[in-house]
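Student: Need a 3D model of the sequence below.
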Amino acid sequence: MNNVKSVEVNINNKYYTICAVESEEYIKKIASYINKKYDDFKNLQGYDKMNVDMKTILMEINLADDYFKKDQDYVKCYNSNEKNKKEIKVLTEELISCQAQNDELEEDLEQLKEDFAKAQEEIDDLKDELARLKEKNKL
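Tutor: Reported below is the predicted structural model:
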């Protein structure tokens, strides 16, 4: 527990010293969040007429509500992230397959270009031979 820090915070107009391993900024952020909750409650009609127990229960219920909503959001995000990971995996596999097909097609294209060049040479040779034969027959 060597990393324990003492942080003084003001919550609902009362000063508290909080000992925690978290950073001072984090503890102050929590205090600010709680103060905002108190400010929200103070604007509610009838809040000032509630007894201390009722105010405490109201705070606890609201904090628990916030927690459970954030937890649900986390679960949704986590599930969405897992779904996205699976989709990325499928798309990555598909991309690899397409790249392999592309490589094969490029090899086929190169072979076809070579075959075409050879065929063109043969055509040129045959044209030359035909021209020689025509010339020979004219003589």
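
Student: and stretch 39-53, which residues are buried?
Tutor: Across stretch 39-53, burial judged by 16 or more other CB atoms under 10 Å covers residue 41. (Each C-beta comes from the backbone N, C-alpha and C, glycine too.)

Student: what residues does it touch?
Tutor: For stretch 39-53, the external contacting residues (CB atoms under 8 Å, 6 or more residues apart in numbering) are 55, 58, 59, 62.

Student: These into TSV, with extra columns for neighbour count?
Tutor: As requested, the contacts of stretch 39-53 are arranged in TSV below (neighbours: other CB atoms under 10 Å):
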residue	neighbour count
55	16
58	15
59	15
62	13
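
Student: From the residues you listed, pick the one nearest residue 129.
Tutor: Nearest to residue 129 out of the contacts of stretch 39-53 is residue 62 (CB to CB; 96.9 Å).

Student: quick one: the closest one from residue 114, how far?
Tutor: 76 Å (CB to CB, to the nearest Å).

Student: Quick one: the helices in this structure, in order.
Tutor: 24-42, 52-138 (DSSP state H).

Student: could those be laid out in TSV, adding distance to residue 10?
Tutor: Shown next, in TSV, are the helices of the chain (distance: least, CB to CB, whole Å):
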stretch	distance to residue 10
helix 24-42	7
helix 52-138	16
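
Student: For the residue most central in space within the chain, give me its contacts.
Tutor: Centroid-nearest residue in the chain, with CA atoms, centre = their mean: residue 81, separated by 7.2 Å. Taking CB under 8 Å, 6+ apart, we find residue 81 in contact with no residue.

Student: Show me what the mean pLDDT comes to for stretch 15-29.
Tutor: In this model, stretch 15-29 has an average pLDDT of 96.

Student: Show me which residues of that stretch are buried.
Tutor: Buried-residue list, stretch 15-29, by 16+ other CB under 10 Å: 18, 27.
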